[in-house]
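Peer 1: just coords:
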């Protein structure tokens, strides 16, 4: 990953934002107006996503953690707050486990841990169907899991742009990160993460639901759990302002 492959905006304590599968740094665009009033916000594209270089071979969570550390070094910030959505909400704790002295706090948004066998089977089923049928053919079924019906009707252009972004992501990279998301289980080691952590998800997020997020919060020694009513998985796009306000409140309360 290129050292310059990140963006910086705003003023205040540093806050790194880690997006999810088949997205890019623009996933945070609806949060930035709020966040940049309070933080120096660093966004970047995951390996093989957005403007970052397509990798030559398959990669795992260790490589994604290493990429974040390289971005952190290049930014010049010795320590910072970190927030991640979905897969990004797994990269954040994995990074904190590897580099605890670099992490002031975590915000874990719409992520998962403590999956039952049934939970895991459902995630892997989507992966296998995409491998078998192609990403585009399966993608329409995910729309209902990501967005509320009302948002789909009111903002079809945002929904279409999100689907287009997934399709334009290199298929091997997309499936690679989807397999990382499906195969990562944080619950056995979450108790090692002692930094203050906000755990937040949508009430109707099927894959990263309140049940799993309560398990995450219970395992973390220093956590706060927040369930946003009605929302599904794509809270960055559908509830960006609301999520940003909750992140600001959480981090500011740590400093007061």
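Peer 2: That came through, no problem. Since the structure is predicted, the reported quantities are computational estimates derived from the model, not experimental observations.
Peer 1: look up how far residue 85 lies from the closest residue in space to residue 243 that isn't next to it in sequence.
Peer 2: Excluding the flanking residues, the one nearest residue 243 by Cβ to Cβ, 6 or more residues apart in numbering is residue 235, at 5.4 Å. C-beta: built from backbone N, CA, C; applies to glycine. With distances taken as Cβ to Cβ, to the nearest Å, residue 235 is found 7 Å from residue 85.
Peer 1: who touches both of these two?
Peer 2: Both residue 235 and residue 85 are in contact with 109, 110, where contact means Cβ atoms under 8 Å, 6 or more residues apart in numbering.
Peer 1: I figured the residue nearest to residue 243 hits residue 86, correct?
Peer 2: No: using Cβ atoms under 8 Å as the test, residue 235 is too far from residue 86 to be in contact (9.6 Å).
Peer 1: of those two, which one has the most company?
Peer 2: The residue with more neighbours, out of residue 235 and residue 86 and counting by other Cβ atoms under 10 Å, is residue 86; that gives 30 against 25.
Peer 1: quick one: contacts for the more buried one?
Peer 2: So residue 86 contacts 19, 20, 21, 109, 110, 111, 181, 208, 233 (Cβ under 8 Å, 6+ apart).
Peer 1: relative to residue 238, how far out is it?
Peer 2: 14 Å.
Peer 1: cool, residue 121 as well?
Peer 2: 27 Å.
Peer 1: again with residue 36
Peer 2: On the measure of Cβ to Cβ, residue 36 and residue 238 end up 20 Å apart.
Peer 1: can you check residue 255 too?
Peer 2: Residue 255 is 28 Å from residue 238, by Cβ to Cβ.
Peer 1: how about residue 219: what's its closest non-neighbour residue?
Peer 2: residue 190 (3.9 Å).
Peer 1: do the same with residue 231
Peer 2: Nearest in space to residue 231, with sequence neighbours left out and distances taken as Cβ to Cβ, 6+ apart, is residue 202 at 3.2 Å.
Peer 1: check residue 234 too.
Peer 2: residue 146 (4.2 Å).
Peer 1: how about residue 250?
Peer 2: residue 198 is the one closest to residue 250 (Cβ to Cβ, 6+ apart), at 4.3 Å.
Peer 1: the one you found is in what secondary structure piece?
Peer 2: Assigned by DSSP states H and E, residue 198 belongs to strand 197-202.
Peer 1: which strands and helices lie in contact with that strand?
Peer 2: strand 103-109, helix 210-219, strand 223-228, helix 235-238, helix 240-255 (3 or more Cβ pairs under 8 Å, 6 or more residues apart in numbering; DSSP states H and E).
Peer 1: residue ranges with poor pLDDT in the stretch 51-200 of the chain?
Peer 2: Along the stretch 51-200 of the chain, no part satisfies pLDDT under 70.
Peer 1: the helices in it, which residues?
Peer 2: 61-75, 88-98, 117-133, 135-146, 149-154, 156-168, 171-183 (DSSP state H, counting those that start in this stretch).
Peer 1: figure out which of these is closest to residue 194.
Peer 2: Between residue 194 and the helices of the stretch 51-200 of the chain, the shortest gap by Cβ to Cβ is with helix 88-98, which sits at 8.7 Å.
Peer 1: neighbour count for residue 255 and residue 238, which is higher?
Peer 2: More crowded of residue 255 and residue 238, by other Cβ under 10 Å: residue 238, with 25 against 8.
Peer 1: ok, now which ones touch the more buried one?
Peer 2: Residue 238 sits in contact with 147, 148, 151, 155, 231, 232, where contact means Cβ under 8 Å, 6+ apart.
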